[in-house]
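*Asks:* How does the following fold in three dimensions:
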Amino acid sequence: MKNNWLYKHRFLIARRIVQLTILGLYIAGTAYGWNILVGNLSSSKIFDVIPMADPYAVLQMFAAGTMLAIDVLIGAALVVLFYSLIGGRAFCSWVCPMNMVTDLANWIRVKTGLHKDEWQLRISRKTRYWILGLSLVLSFLIAAPAFEFISPISMLHRGLVFGMGFGWLAVLGVFLFDLFVTKNGWCGHLCPLGGFYSIISKPSAIRVKHDADKCTLCMNCKNVCPEKQVLWMVGKESVFVTSGECINCGRCIEVCNDDALNFGLRFKPTKEVKNNA
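*Replies:* Reported below is the predicted structural model:
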């Protein structure tokens, strides 16, 4: 079973199903009037009742001095509560459509040998937090949500739902950047939305757990992890990944032949995790 292709890619398959389903529901809401999921990633409603809003976009609008409707504030609060208490930074790997673009670029990098460290530009992962802060300052100065004007995430999602237009240029730019400049460059180094979710998702319950007793230090997990710095404990301690920068994609679990990595609830005692991982 563990050598089965479907099993080895179970989280990748699940992520694609979730991402494409969400996109399909948005498109169906626009094209056919379905009310299951109406709007876009910035602002939408589930069954035309439950509001959902991008909390980072709302934060930019707040900085810009925009008067916000109560349903927008409720929608942003619901999203923050879900990712901060339960899902972690799962938006980046399970919802964001740009993830499929950057994953494709990374797959090509690996297949062509472009993934070698000496063939990429060094960019600090803290850059995304600087961009996050700068976007809020600019939003205040120009009295408008600064990042939303140039966000390739919004361009891609709105383009797929309402028609792409010149949004393809921004998407292509991210793809080429990840392919030729820096591995996981956009999601892992520059995206301020990812930086935002990294900050709010630190308390989340669903986490990858590591069992040091089973680990053989093959390092397959670090080779595939887009945020490999979060796996500092591999081969050292039996603990949960607590960094908010983990995107809960499950790649490390899929490639671990030792069954040393699995998803779990980090509120369980460490001893129980070690015995049942």
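
*Asks:* Show me the shaky parts of the stretch 151-277 of the chain.
*Replies:* 268-277 (pLDDT under 70).

*Asks:* mind listing the strands for it?
*Replies:* Along the stretch 151-277 of the chain, the segments classed as strands by DSSP state E, counting those that start in this stretch run 206-210, 261-265.

*Asks:* Give me the contact list for the first one.
*Replies:* This points to strand 206-210. 86-88, 90, 231, 233-234, 237-242, 246, 248, 250, 252-253, 260-266, 273, 277 (Cβ atoms under 8 Å, 6 or more residues apart in numbering). The way it works is simple: take the backbone N, C-alpha and C, and place the C-beta from them, glycine included.

*Asks:* mind listing what residue 78 touches?
*Replies:* Contacts for residue 78 (Cβ under 8 Å, 6+ apart) come out as 50, 51, 52.

*Asks:* Any chance of a PyMOL selection covering the buried ones in those?
*Replies:* Of these, the buried ones go into a single PyMOL selection, burial set by 16 or more other Cβ atoms under 10 Å:
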select buried, resi 51+52
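
*Asks:* Pipe the contacts of residue 78 into JSON lines and attach pLDDT, secondary structure and distance to residue 180 per row.
*Replies:* Listed next are these as JSON lines, based on pLDDT from 0 to 100; DSSP: H, G, I helix; E, B strand; the rest coil; distance: Cβ to Cβ, whole Å:
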{"residue": "50", "pLDDT": "94", "secondary structure": "strand", "distance to residue 180": "41"}
{"residue": "51", "pLDDT": "94", "secondary structure": "strand", "distance to residue 180": "40"}
{"residue": "52", "pLDDT": "95", "secondary structure": "strand", "distance to residue 180": "35"}
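
*Asks:* how far is the longest helix anywhere in the chain from where the chain is centred?
*Replies:* Longest helix in the chain, counting residues (DSSP state H): helix 10-31. A distance of 15 Å separates the C-alpha centroid of helix 10-31 from that of its chain, computed with Cα atoms, centre = their mean, to the nearest Å.

*Asks:* Domain map for this protein?
*Replies:* The record's domain parsing of the chain by automatic domain parsing lists 5-199, 205-276.

*Asks:* Can you tell me how far residue 145 is from residue 162?
*Replies:* 18 Å (Cβ to Cβ, to the nearest Å).

*Asks:* Residue 84 too?
*Replies:* Residue 84 is 30 Å from residue 162, where distance means Cβ to Cβ.

*Asks:* Between these two, point out the one with more neighbours.
*Replies:* residue 84 (19 against 14; other Cβ atoms under 10 Å).

*Asks:* Spit out the contact partners of the closest residue to the more buried one other than its chain neighbours.
*Replies:* Nearest non-adjacent residue to residue 84, counting by Cβ to Cβ, 6 or more residues apart in numbering: residue 200, 4.7 Å away. Residues near residue 200 by Cβ under 8 Å, 6+ apart: 55, 80, 83, 84, 244.

*Asks:* I'd say residue 246 and residue 89 touch.
*Replies:* Yes - using Cβ atoms under 8 Å, residue 246 makes contact with residue 89 at a distance of 6.3 Å.
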